[in-house]
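Novice: Have a look; sequence and predicted model below, questions after that.
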Amino acid sequence: MSRQNSSAAPVQHGAPAPVGGSLTNAATLVSGVLVAVMAAILIVRFVFGLGAVTNLNDGYPWGIWVVVDVVIGSAFACGGFSVAMLVYIFNKGEYHPLVRPALLASLFGYTLAGVGVIFDLGRWWNFWHIFWPGYANPNSVMFEVALCISAYIVVMWLEFSPTFFEKFGMAGAKKKLNKVLFFLVALGTVLPMMHQSSLGTLLVVMGVQINPLWQTQLLPLLFLLTAISIGYGVVLFESCVAASAYRRSIETHLLQPLARVMLGFLAFYLVVRFGDLVWRGALGEAFKPTVVALAFWIENALFVAPFLIVGSAGARRNPARLFLAGVALMLGGVFLRLNGFLIGYDTGPGWNYFPSVPELLVTIGMFAIEVLGYIIITRRFPVLPREVQPSRA
Amino acid sequence: MADNAREARPAGNSRRRFLKGCAAAGGVAAVAATGQRAEARETLQRPPEALGLLYDATLCVGCKACVAACKQANENPAEFSTVDKLWDTPLDTSGYTFNLIKMYRNGTMQTKDAEENGYAFMKTSCMHCADPSCVSACPVSAMTKNPQTGVVEYNADACIGCRYCVAACPFGIPKYQYDSPTGKIGKCELCRHRTKDGHYSACAEVCPTGATLYGRTEDLLAEAKRRLALKPGSVATFPRGKLGGADQSYEAYVGNYKQHVYGETEYGGTQVLKLSGVDFEKVGMPNLPPEAAAAHSETIQHTLYGGMLMPLAVLGALTFVAKRNVHHDDDEGGADDKTGAARKGEE
């Protein structure tokens, strides 16, 4: 299907190169239809209001457009940040081939999270107020999140721009950008640390409405640590999917040690997580016969699962296990965020929320845009490492 | 370490640096996240001239004159919950209903203000907190606390409709108008738009029994404590309308109060105070600690971002590290590969 890159120089990992191939296939067509459906629903939403398409209510004013599209979507988009940190901050140059694909996924995730916020804002035309000194409220965690995510989106497009410069032969521009790349990298590490932690802090002001299993002053640290480890999980997931979809060889020799780094962050997270629960005396909540307690155990089982799946060096050689570990970690992150924002959020009796079908279709449409964009850009722009004929096999 | 040989191993030097980096990052994260207690933002207190309401459930007869007056004063439409849609019957406060009298029922409902086999009323409206979660949450200062009156005011022209205030309020008070493409937040603002005509809160103006009383919160708190000290069943004088305003007082029997002024200390205190014969949690008032959630949230926020010192310090450190590590890559437009990494390891 897309094997025209075999003429590459026989280095183990070549420079990024377009995968090539047709843009019309089952995946792009299905994604296209899903995006069209989303657009239709959004027209209804903007003409008739949020109530016309969502199940939002005053007990659950935030639904999946906030929790999934923005909070979870941006955590999934931490691959770029996590890998760039590993390569440039911890000086692990060998992971360099993973940077561009991870950054691309992040770019999409964040840009869409930023756009997705607009769909959910009841008075979206005032959105600029958040950046305007007369209106901005620095006490607000939301203010910090909004400012920081916006800045990060700009930084990521700049970080990713060499890809476009290469494609369009703009060597001069690329050279200029490379001169300041180190600063962009530093910014691109600080900004996500800031807002990924703040996404957790968002819950603090909700006070007693958040179940003690999630309401803690350590929320920023918990959200930051999981965002970083989810970032590595996403890279495992994405590398395996890209390899199978494009019939490329899997970068197992990079993913194996990456999985180890991921487990390291994860272990630290679990120590902090349970240490905090015990210290606050909140662990008792987890043994009550409630749906909330069940959700808590599912969440933490998913965070422990990667140790069972890829805990040994031998297990890490198995691409299927790497993939599963990545998925488990991503799902753990999903549960932590769903639990904190929705399942463990109780505004009193009588309030219920489950997303409506149109609400779900918009969220699915957002993910479809990411898939579509990823396919188009990796096939046409130099993102994935140039594929060489597998000589080891 | 008995790692498999096929796992790419970095050179020793690089590994040590990696571990150092990990330790440094961990330290930064730990300091950043836990924060320094010394800088804790204390729970805010009511301003001295704070205005509010005193709602005495034992005086309330459930006539809902206040609900109707509130609708009128705020020009809100009727909301229907019955099939015939004859009159305004909201079941909860909403984007169009800022004040509601709810009912507690138990068993045979024989005795007013009794927990067992009794019934009771409870007013639901904005408590005008000393340290409001909604004000702390609002990213665009659409929700603000008046520095003199302490009234929590809403400005729709500033609002972006994010509904963080709705999510943050422990009383479930700010509500959003989901049925409109230009929906606003709706909540009680203590009829601040009526004060220039010499009016005060419509709910207190119309209350026939003085169950809802308007005034300075300090005076209302003293009045509440006077009532708690009275002998249940005895006859006492109760003011109506505005405390300190025209005398509309009358004599009534003293209720069998729970010895608790709700709002005196909850979340640092609220400007609307409540008295009840039935346990407050049973009539829908949450059990809140004396420290406001806003104080916890802003302590974290200011510890991390006060003067932007911490982010700038981290940025500076990371810029320094990145400057050393980035220059190898990308310069030759694609020579950055495994050999590039190996080269670095040999340094």
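Specialist: Looks like it came in fine. Numbers count the residues shown, from 1 in each chain, chains lettered A, B, ... in the order given.
Novice: How about the contacts made by the closest residue to chain A within the stretch 151-300 of chain B?
Specialist: Nearest residue of the stretch 151-300 of chain B to chain A, counting by C-beta to the nearest C-beta: B:G161, 2.4 Å away. The C-beta positions use only the backbone N, C-alpha and C, and glycine is treated the same way. Shown in contact with B:G161 (C-beta atoms under 8 Å, 6 or more residues apart in numbering or on different chains): A:L121, A:G122, A:R123, A:W124, A:N126, B:Y176, B:G183, B:K184, B:I185.
Novice: what helix or strand does the residue nearest to the second one when sequence neighbours are not counted sit in?
Specialist: It refers to A:G122. Sequence neighbours aside, B:G161 is the residue nearest to A:G122 in space, at 2.4 Å (criterion: C-beta to C-beta, 6 or more residues apart in numbering or on different chains). Using DSSP states H and E, B:G161 sits in no helix or strand.
Novice: so which strand or helix has the residue nearest to A:F265 when sequence neighbours are not counted?
Specialist: Spatially, and ignoring its direct neighbours in sequence, A:F265 is nearest to A:S229 (4.2 Å; C-beta to C-beta, 6+ apart). Element membership for A:S229 (DSSP H and E) is helix A:219-245.
Novice: Show me which residues of the stretch 251-393 of chain A sit near chain B.
Specialist: Within the stretch 251-393 of chain A, the positions lying close to chain B (C-beta under 8 Å from any C-beta of the partner chain) are A:253-254, A:256-257, A:260, A:264, A:268, A:313-314, A:316-317, A:345, A:347-348, A:350, A:385.
Novice: Show me which pair in these is furthest apart.
Specialist: Spatial extent of these (C-beta to C-beta) is set by the pair A:H253 and A:G350 at 55.7 Å.
Novice: circling back: out of the contacts of B:G161, who's nearest B:P47?
Specialist: Nearest member of the contacts of B:G161 to B:P47, counting by C-beta to C-beta, is B:I185, at 22.7 Å.
Novice: per-residue confidence at the nearest residue to that closest one once chain neighbours are set aside?
Specialist: The shortest distance from B:I185 to any non-neighbouring residue, by C-beta to C-beta, 6+ apart, is to B:P174 (4.9 Å). You'll see B:P174 listed with a pLDDT of 97.
Novice: re earlier: of the residues of the stretch 251-393 of chain A next to chain B, which count as buried by neighbour count?
Specialist: With burial judged by 16 or more other C-beta atoms under 10 Å in any protein chain shown, the buried subset of those is A:H253, A:L254, A:Q256, A:P257, A:R260, A:F268, A:A313, A:R316, A:R317, A:Y345, A:T347, A:P385.
Novice: Just the residues you listed: which are in helices?
Specialist: Residues of those located in helices (DSSP state H): A:H253, A:L254, A:Q256, A:P257, A:R260, A:F268, A:A313, A:R316.
Novice: For the closest residue to chain B within the stretch 1-150 of chain A, what are phi and psi?
Specialist: Relative to chain B, the nearest point of the stretch 1-150 of chain A is A:G122 (2.4 Å; C-beta to the nearest C-beta). A:G122 adopts backbone torsions of phi -70, psi -30, taken as degrees, to the nearest 10.
Novice: where does it sit relative to B:G172, distance-wise?
Specialist: Distance of A:G122 to B:G172, given as C-beta to C-beta, to the nearest Å: 17 Å.
Novice: what's the answer for B:L275, then?
Specialist: Per C-beta to C-beta, B:L275 is found 21 Å from B:G172.
Novice: list the helices and strands the biggest helix by length in chain A packs on?
Specialist: Assignment by DSSP H gives helix A:171-201 as the longest helix of chain A. For helix A:171-201, the packing partners by 3 or more C-beta pairs under 8 Å, 6 or more residues apart in numbering or on different chains; DSSP states H and E come out as helix A:73-76, helix A:79-84, helix A:141-167, helix A:219-245, helix B:12-34, helix B:293-305, helix B:309-326.
Novice: run the last query once more with 6 Å
Specialist: Using 3 or more C-beta pairs under 6 Å, 6 or more residues apart in numbering or on different chains; DSSP states H and E, the elements in contact with helix A:171-201 are helix A:79-84, helix A:141-167, helix A:219-245, helix B:309-326.
Novice: In that helix, which residues are buried?
Specialist: A:174, A:177-178, A:181-201.
Novice: got it, and stretch B:81-99?
Specialist: Those would be B:D88, B:P90, B:D92, B:T93, B:S94, B:G95, B:Y96, B:T97, B:F98, B:N99, for stretch B:81-99 by 16+ other C-beta under 10 Å.
Novice: Kindly report the same for stretch A:239-248.
Specialist: By 16+ other C-beta under 10 Å, the buried positions in stretch A:239-248 come out as A:S239, A:C240, A:A242, A:A243, A:A245, A:Y246, A:R248.
Novice: Run through who's touching it.
Specialist: A:S2, A:V19, A:I250, A:E251, A:L255, A:P319, A:F323, A:E387 (C-beta atoms under 6 Å, 6 or more residues apart in numbering or on different chains).
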